[in-house]
Every structure is written in C-alpha cells, then in structure tokens.
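K.L.:
got a structure for you, letters missing:
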C-alpha cells in the first residue's frame, strides 16, 4: 500500500509501542495472524478462530 505513512516521523506513541515490543509485551498473547475484516476476502484467513480484536483488526492463532 502506498499511502505515504512510511514517510511519517514516529510520534511518542510509536516509540512507546516499539519499547514495549522490545521488552516482550505482546498485546495479542501470541497470535500469529491478523487482518482487517472489512477488507479481506481470503477464505483461509476468515476461517481462523478469532482470539481478540484491537481497533479494526482481528487477531487469530
């Protein structure tokens, strides 16, 4: 996707998220997959049991 986000400077929230990840925090509790249900049509992904939702994304094992 070419929406220009790669050119944005990281803000405080981005630095906190990176620091949390480096310290081992995993808000998905080990989920392996994620997707946005409003934009995916992949049957395999949609067949995965949903473990949790964060914002507009679904996380699966």
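P.N.:
All right, it came through fine. Remember, predicted model here, so these are calculated numbers, not experimental data. Residues are numbered from 1 along each chain as shown.

K.L.:
which stretches of the protein form helices?
P.N.:
Per DSSP state H, the chain carries helices over the ranges 12-22, 43-46.

K.L.:
Could you dump these into CSV and include mean pLDDT?
P.N.:
CSV is the format used below for the helices of the chain (pLDDT from 0 to 100):
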stretch, mean pLDDT
helix 12-22, 96
helix 43-46, 94
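
K.L.:
export those helices to JSON lines and tack on distance to residue 31?
P.N.:
Any C-beta I mention is one placed from the backbone N, CA and C, and that applies to glycine too. Converted to JSON lines, the helices of the chain look like this (distance: least, Cβ to Cβ, whole Å):
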{"stretch": "helix 12-22", "distance to residue 31": "14"}
{"stretch": "helix 43-46", "distance to residue 31": "12"}
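
K.L.:
now those as TSV including distance to residue 55 and mean neighbour count?
P.N.:
Rendered in TSV, the data for the helices of the chain read as follows (distance: least, Cβ to Cβ, whole Å; neighbours: other Cβ atoms under 10 Å):
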stretch	distance to residue 55	mean neighbour count
helix 12-22	13	10
helix 43-46	17	10
